[in-house]
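Asks: Sequence first, predicted model second:
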Amino acid sequence: MKQKKIALAWLATFPIFLHAEDIIRVEAEKLPYNIKESYQKIHVITEEEIKQSSSQSLSELLSQFSQIYAINKGGAGQAGSVFIRGMDSYHTTVVIDGAVVNDPTDPNRAFNFNQLNIADIERIEILKGAQAQLFATNSLGGVIFIRTKRAKDANAIHQFHTHQSYENKTWGEKAFSLSRRQKIDKLGYKIAGDFTSSGARSALITSPAQKEEKDRVISKNLNLNLDYEINEKNYLETSVKYKNNKIPYDETYPLNAAANNLAYVEEKAINLLHSGEFTDQLSTETSLSVTQNQRNLKTASTYYSYRGESQQGNIYFLYQSNSTFDYSLSTHFLNEEITFNEGSGSANKKAHQIGLALGFQKKSLPNISSLFYSGSLRFDQHSKFNDAYSYRAVIGNHFDNDTVKLSVVRGTNSPSLYTLYGFGGNESITPEKSLQGELSLERKLNGQMNFLMTYFKTQFDDKFQYNSTSSKMENIGGAKIDGLEGELNFNSNTESISLSSSYLNAKAVNQSKKLAYRPTTLTKLHYQRSVSDQLKAGFLFQAVGKQFDSNQDKRDKYTLFDFFFKYHVYQSPLNELILGLELKNAFNKGYILERNYSQAGRSLIGSIDYKF
């Protein structure tokens, strides 16, 4: 397929345009795109960076970035949540291999960031804030694109990963994963499976005695991927996925804390993706996914069951004209259905949504080549709410060593079926509407160092959140989130340093209250050095500032300090053995609580990565 100045192949409903310089090729889609001079700020995590990282989970890896705040709801296998720029976790859309994977049976249609095997990830792209809103109406916080590994060689590649932790005076999390991938002529395939078990932490702590309780979590996943290169201009891919989690809960509000609660989460999904070219100027990509989710919760006296099904698809066209502008057209549909069984009652609810987006970008202007701008307009029709319009406008300028960008976006977030009808739901909730602005300055200090400063502001109308007094979701009226984040990055042949710091102010305007569980400051320092050709070492420091709980009580600030080592026993294109050792939370022996969920205490983790 010929190289195109095309946006991310996965952005089927979000027109993002990029410059022709510094093209980076996405092998799976056969579509190149630009990162360095993007109209959007795209944070990229490559396969090599993932391999050298000490992270054992996706949420842990993402937490290294500025204004990304990640927590776990207990031990491994429990849901891992990511909060971008003070937004809620359900404001982040997650796309894996072209398919949106947010769980319709989750109370907030959120995604569990700890259910994905990090050893099977090839590439991650992060779009934060206003630049992501038009991907879908629910993407007010950002979009995270994940590409899993694919077959690229006629030789069969096997990949094995395992890690074991020691925490709380016992062996804690242990994980195993194995995959095989191979390309036979034009057909590639991959089979991957993983298993995780953990029993060193209490899932949820409401009293000091629960700190010594060890809740065992079991997670199992199985994936099959096939891809076929039809010809030079057409590519087809399909994947089948299955996951099964068993999760104990000390307490699932508002159930009885004394009950021995167990949750079972099961997911089955099939995805199809096609990308191709009609002509040298017209490109297209089509994706379709069908997902079935089952979520069961069993207590001493009651059985709860939520069965969800969703079908969604995207069709994206890009026309590269011979004139000043390029144009895009995309359409998106989503059908959701959930069957609720709560005690003696049951109900079946359905909803559908369809969206259409038009976009343009300026290629170049005579004598003003450094100026760039783009815009897009999106229309959404929802079966349960009024029609919604979203828009996005970006303007900026490239100087010799600086890039300045300003973007304004209007977006909408519709409540999920669970939010409307599930446990603690409220049928009278209306969609959130937001207006976001973002101003950024990026400076290249030299060939190895760059600096980025971003001011962002979001104004909500009719924001909704859970009210613990009424035990249901409610619209709270206006809310405002604004902040400033700065990043300084240095990379050389032997070491890399990333320093970021951010300030956040989030409040419910009508209630004159702080929005709960949003740290006012986040500071992160990540350092890594090649001690020798085989040994790499580094550390990650995080300082989390004060925040307020739902009762407006102030929570103390805290720090985290992790050390890690990676030793390459041997390495070649087809054979590789890497040993890892990590000391987490080195200077804080006890538990850290976030939203009453226990986070990592001091723990030691050993890992093995073997490719053969």
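Replies: On my side now, so go ahead. Numbering: from 1, shown residues only.
Asks: got the contact list for His158?
Replies: Leu178, Ser179, Arg180, Lys611, Phe612 (CB atoms under 8 Å, 6 or more residues apart in numbering). (Each C-beta comes from the backbone N, C-alpha and C, glycine too.)
Asks: Name every strand pairing with the helix or strand it falls within and say which way it goes.
Replies: Secondary-structure assignment from DSSP states H and E places His158 in strand 157-167. Its sheet considered, strand 157-167 pairs with strand 170-184 (antiparallel), strand 603-611 (antiparallel) by DSSP bridges.
Asks: Pull the last one out as PDB, backbone CA atoms only.
Replies: Taking only C-alpha atoms (Å, rounded to 0.1, in the frame of the first residue of the first chain), the coordinates of strand 603-611 have been written out as PDB:
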ATOM      1  CA  SER A 603       6.800  -5.300  47.500                       C
ATOM      2  CA  LEU A 604       9.500  -7.100  45.500                       C
ATOM      3  CA  ILE A 605       8.700  -8.300  42.000                       C
ATOM      4  CA  GLY A 606      10.900 -10.700  39.900                       C
ATOM      5  CA  SER A 607      10.100 -11.200  36.200                       C
ATOM      6  CA  ILE A 608      11.300 -13.300  33.200                       C
ATOM      7  CA  ASP A 609      10.700 -12.500  29.500                       C
ATOM      8  CA  TYR A 610      11.800 -15.200  27.000                       C
ATOM      9  CA  LYS A 611      11.400 -15.000  23.200                       C
END
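Asks: who's in contact with that strand?
Replies: Under CB under 8 Å, 6+ apart, the answer for strand 603-611 is 51, 54, 56, 119, 157-168, 172-173, 200, 574-585.
Asks: Need the buried ones from those residues selected in PyMOL.
Replies: Only the buried members of these enter the following PyMOL selection, criterion being 16 or more other CB atoms under 10 Å:
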select buried, resi 51+54+56+119+157+159+161+162+163+165+167+168+172+173+200+576+578+579+580+582+583+584+585
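Asks: one step back: would you mind giving me the ChimeraX syntax to select the buried ones in the contacts of His158?
Replies: Applying 16+ other CB under 10 Å to those leaves a buried subset, and the ChimeraX line that selects it is:
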select :178,179,611
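Asks: okay, now the closest residue to Asn322 other than its chain neighbours: neighbour count?
Replies: Here the nearest residue to Asn322 in space, its sequence neighbours aside, is Gln281; by CB to CB, 6 or more residues apart in numbering that works out to 7.8 Å. Other residues within reach of Gln281, judged by other CB atoms under 10 Å, total 13.
Asks: Tell me if I'm right that Gln281 and Tyr319 touch.
Replies: Yes. With contacts defined as CB atoms under 8 Å, Gln281 counts as touching Tyr319 at a distance of 6.0 Å.
Asks: which residues of this structure fall in helices?
Replies: Ranges of helices in the chain, per DSSP state H, are 47-52, 58-62, 417-421.
Asks: Residues in contact with the longest one: which ones?
Replies: Which is helix 47-52. Contacts of helix 47-52 with the rest of the structure, by CB under 8 Å, 6+ apart, involve Leu61, Ile118, Ile121, Glu122, Arg123, Ile124, Lys149, Gln528, Lys536, Lys566, Ile578, Asp609.
Asks: avg pLDDT for that helix?
Replies: Confidence for helix 47-52, expressed as mean pLDDT, is 84.
Asks: With stretch 583-602 instead?
Replies: pLDDT averaged over stretch 583-602 equals 70, rounded to a whole number.
Asks: same check, this time on stretch 410-429
Replies: pLDDT averaged over stretch 410-429 gives 85.
Asks: start to end distance for that stretch?
Replies: One end of stretch 410-429 to the other measures 20 Å (CA to CA, to the nearest Å).
Asks: Next one, pLDDT for Asp461 please.
Replies: Confidence per residue is given as pLDDT, and for Asp461 that number is 89.
Asks: State the distance from it to Gly580.
Replies: Distance from Asp461 to Gly580, counting by CB to CB, to the nearest Å: 47 Å.
Asks: Adding distance to Tyr69, write the helices of the chain out as JSON lines.
Replies: JSON lines is the format used below for the helices of the chain (distance: least, CB to CB, whole Å):
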{"stretch": "helix 47-52", "distance to Tyr69": "20"}
{"stretch": "helix 58-62", "distance to Tyr69": "9"}
{"stretch": "helix 417-421", "distance to Tyr69": "22"}
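Asks: For Lys554, find the nearest of the ones you listed.
Replies: The minimum distance between Lys554 and those falls on helix 58-62, with 24.9 Å, by CB to CB.
Asks: Going by contacts, tell me the helices and strands next to the closest one.
Replies: strand 68-72, strand 80-84, strand 121-128 (3 or more CB pairs under 8 Å, 6 or more residues apart in numbering; DSSP states H and E).
Asks: Any chance of JSON lines for those strands, columns mean neighbour count and distance to Pro415?
Replies: Supplementary listing: those in JSON lines, determined by neighbours: other CB atoms under 10 Å; distance: least, CB to CB, whole Å:
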{"stretch": "strand 68-72", "mean neighbour count": "24", "distance to Pro415": "23"}
{"stretch": "strand 80-84", "mean neighbour count": "24", "distance to Pro415": "18"}
{"stretch": "strand 121-128", "mean neighbour count": "21", "distance to Pro415": "23"}
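Asks: want to throw these into a markdown table with distance to Phe490?
Replies: Converted to a markdown table, the helices and strands packed on helix 58-62 look like this (distance: least, CB to CB, whole Å):
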| stretch | distance to Phe490 |
| --- | --- |
| strand 68-72 | 20 |
| strand 80-84 | 24 |
| strand 121-128 | 20 |
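Asks: Looking at those, which is nearest to Gly424?
Replies: For those, distance to Gly424 was read as CB to CB. The smallest value, 17.4 Å, belongs to strand 80-84.
Asks: Render the CA-only coordinates of the closest one in CSV, please.
Replies: The C-alpha atoms that make up strand 80-84 are tabulated as CSV, following Å, rounded to 0.1, in the frame of the first residue of the first chain:
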residue,chain,number,x,y,z
GLY,A,80,-7.5,-0.7,37.2
SER,A,81,-8.8,2.8,36.6
VAL,A,82,-7.1,5.7,34.8
PHE,A,83,-8.1,9.4,35.2
ILE,A,84,-6.9,11.9,32.7
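Asks: Name the residues that touch that strand?
Replies: Counting by CB under 8 Å, 6+ apart, residues outside strand 80-84 touching it are 57-59, 62-63, 67-73, 89, 91-92, 110, 112-114, 128-129, 141-142, 144, 518.
Asks: cutoff 7 Å now
Replies: 57-59, 62, 67-72, 89, 92, 110, 112-114, 128, 141-142 (CB atoms under 7 Å, 6 or more residues apart in numbering).
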